[in-house]
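**Student:** Next comes the sequence, and after it the predicted model I'd like to discuss.
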Amino acid sequence: MEFWDKVIGFFWGGESLPLLLMVLCIWAMLFHFRRDERASLANTVAFFFVCLFGQFIAGLLHALDLVRAASVAQEVFVIGAGVAVIRLWGQLVFRVVLPAFKLTPPRITEDIFVIIAYIAWFMVRLRYAGLDLGSILATSAMITAVVAFAMQDTLGNILGGLALQLDNSVEVGDWIKVDDISGKVVDIRWRSTLVETRNWETVVFPNSQLMKNKFMVLGRRTDQPVQWRRWVWFNVGLEVAPTRVVSVVEDSILQTDIANVARNPAPNCLLMDMDDKGYARYALRYWLTDLAADDPTDAMLRWHIMSALHRAGIKPAQQGQSLHITKENEKYDEAVHQREVQLRIKTLRKVELFSQLNDAELTGLAQSLQYSPFAKGNIITRQGDERSHWLYIIINGEADVFVDLPNGKRRAVRTLGRGNFFGEMGLLTGAPRSAWVVARTDVECYRIDKEVIEVILHARPGIADEISHILVTRRAELDVVMQDLNATGAHPDLSQQRSEILATIKRFFSLGN
């Protein structure tokens, strides 16, 4: 018993139990809050218990009267246990406590404080062992000077890393551009800064290089959200007035909620140059909110620009010119045209409004259809718009219909798909749009203008009577939503509505009674 009493007395001091409990409490907190660092935490705690076991071995040596060996082993393992405790406290303070107060110092700051604590602990133990710290510091200064001279580049990188962190020149998460390389900063280490590019490359920049040379931090501005100005270029012929091009493009972009495009500052379209080859060069300038999505967002905006220009009848110009010396077969062209006309006629036959038209009238209507594409998110019609006297037939894609209710809320009515049509009241009566229609996906439509229907109605005014019946039915369906009535609710007299709509059609198209 006396042997083991000597072992325990040397190994297990009065502060051992509180220290062990403290380590276990810190471990439990870090294990709970830092799930992603459990492996590193386990290594630190394991090292602490190894040092405890080493102190037990020192107690055995002391019981065996190996006093010198026991003292050395005891001091080594006490220093090791202190290092583990300092490491745990550093993780607790910098990774749990400070983030709880919305403070997130860089990792290198934690390393600096932990290293300083290591050195202080090491000095305390040396002083406790009876060594003269003055001579140790003098010797350390000489060694440090020699090491510093031999490791100039390494020290330059370390000091560069410290400077980058302390003055916030660049932070983890920033997008930077160095020469022709741009990417996201994912880590700032003692010697280097790691940058991940869009090409899934990790570029390692020595910290001294970043301190000595110019680099750009993309998208960062004082007291402003992270966003980066981008340009999307396109060409249009000089015969089109620039004010019209700018208006068409800006109206389409500003009315659409496009992912990763900032609302403030708002996108704007500019005339940038005019070429002697017959085209004007334009640019849509916008601010990107997710710097990793530059190419997809540019592509989406190009599609919005292209569809807007197409709807407005503006053809984008090409920079290059090519000479075609192959004469197209006229019969082939005619066959392609007739096939397209037949597809349009097939589409029109599915539209209830045109069920009374004969083959000749359908053919004339099919040839006058205007192809109108819309990008996802585009507003196709606006509730209350009084200028849109045309009808759309969806040939591909889907669009959502919404109405603004009297109580100020907006309600979804239905989703339109291929073969559905809308805008008939504006086309046939000149009435304001009764609902919002927004492209749910990319949508392709045929557009029918008032002038086309006017020709048909003047040729056969009797068609207006059948059309008025269809309009009344569709209007009643929308009234159910607008008035918030159920299917059995009270409605105005449909026959009276039909008479009123018929009179409106005749007045709108100047038809005789």
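**Tutor:** Noted; the coordinates are in hand.

**Student:** where does the closest residue to L405 other than its chain neighbours land in three-state SS?
**Tutor:** In space, and not counting its chain neighbours, L405 is closest to R411: 5.8 Å by C-beta to C-beta, 6 or more residues apart in numbering. All C-beta spots, glycine's among them, are computed from the backbone N, C-alpha and C. Under DSSP: H, G, I helix; E, B strand; the rest coil, the three-state class of R411 is strand.

**Student:** Pull out the buried residues from stretch 109-127.
**Tutor:** Buried residues in stretch 109-127, counted by 16 or more other C-beta atoms under 10 Å: 110-112, 114, 117-118, 121.

**Student:** okay, now the domains of this protein?
**Tutor:** Here the domain parsing of the chain from automatic domain parsing is 2-150, 169-218, 228-311, 334-508.

**Student:** Quick one: end-to-end length of the second one, please.
**Tutor:** Pointing back at domain 169-218 there. 12 Å (C-alpha to C-alpha, to the nearest Å).

**Student:** can you list the domains of the chain in a markdown table and add mean pLDDT and distance to A317?
**Tutor:** Compiled in a markdown table, the domains of the chain are given as follows (pLDDT from 0 to 100; distance: least, C-beta to C-beta, whole Å):
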| stretch | mean pLDDT | distance to A317 |
| --- | --- | --- |
| domain 2-150 | 76 | 51 |
| domain 169-218 | 86 | 30 |
| domain 228-311 | 92 | 4 |
| domain 334-508 | 84 | 19 |
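
**Student:** Tell me which stretches of the stretch 201-350 of the chain form strands.
**Tutor:** For the stretch 201-350 of the chain, the strands defined by DSSP state E, counting those that start in this stretch occupy 202-206, 216-218, 228-237, 268-274, 279-288.

**Student:** Serialize these to TSV and add fields for distance to G80 and mean neighbour count.
**Tutor:** Shown next, in TSV, are these (distance: least, C-beta to C-beta, whole Å; neighbours: other C-beta atoms under 10 Å):
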stretch	distance to G80	mean neighbour count
strand 202-206	32	15
strand 216-218	42	15
strand 228-237	49	17
strand 268-274	64	14
strand 279-288	51	20
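
**Student:** These: which one's closest to S182?
**Tutor:** Counting by C-beta to C-beta, S182 lies closest to strand 216-218 out of the strands of the stretch 201-350 of the chain; the figure is 6.7 Å.

**Student:** For the stretch 401-513 of the chain, which segments count as strands?
**Tutor:** Using DSSP E, counting those that start in this stretch, strands in the stretch 401-513 of the chain cover 410-416, 421-422, 436-439, 443-449.

**Student:** Check which residues of the last one are buried.
**Tutor:** Residues of strand 443-449 classed as buried by neighbour count (16+ other C-beta under 10 Å): 443-448.

**Student:** Just the ones of the buried residues of stretch 109-127 in helices?
**Tutor:** 110-112, 114, 117-118, 121 (DSSP state H).

**Student:** nearest to L369, of the strands of the stretch 201-350 of the chain?
**Tutor:** strand 228-237 (23.9 Å).

**Student:** and the angle from that closest one to strand 268-274?
**Tutor:** 50 degrees (axes from the mean of the first three to the mean of the last three C-alpha atoms, to 10 degrees).

**Student:** what helices or strands is strand 228-237 leaning on?
**Tutor:** For strand 228-237, the packing partners by 3 or more C-beta pairs under 8 Å, 6 or more residues apart in numbering; DSSP states H and E come out as strand 279-288, helix 294-311.

**Student:** distance between that strand and the chain's centre?
**Tutor:** 20 Å (C-alpha atoms, centre = their mean, to the nearest Å).

**Student:** what sits up against it?
**Tutor:** 175, 218-219, 245, 272, 275, 278-288, 291, 294, 297-298, 301-302, 305-306, 309, 314-319 (C-beta atoms under 8 Å, 6 or more residues apart in numbering).

**Student:** Repeat that for stretch 91-102.
**Tutor:** 26, 29-30, 33-34, 37, 41, 44, 104-105, 107, 109-110, 113.

**Student:** Let me know the closest of those residues to R339.
**Tutor:** T104 (63.9 Å).

**Student:** burial of the closest residue to that closest one other than its chain neighbours, as a residue count?
**Tutor:** For T104, ignoring the flanking residues on the chain, the nearest one in space by C-beta to C-beta, 6+ apart is L98 at 7.0 Å. Per other C-beta atoms under 10 Å, the neighbour tally for L98 reads 15.

**Student:** and if you look at the one 5 residues further on?
**Tutor:** L103 is surrounded by 9 other residues when neighbours are defined as other C-beta under 10 Å.

**Student:** Apart from its neighbours in sequence, what residue is nearest D273?
**Tutor:** That would be R281: by C-beta to C-beta, 6+ apart, it lies 4.2 Å from D273.

**Student:** now swap in A317 and tell me
**Tutor:** Per C-beta to C-beta, 6+ apart, closest to A317 is Y279, 3.6 Å.

**Student:** what's across from the one you found in the sheet?
**Tutor:** Bridge pairing for Y279 (DSSP bridges) gives the partners G237.
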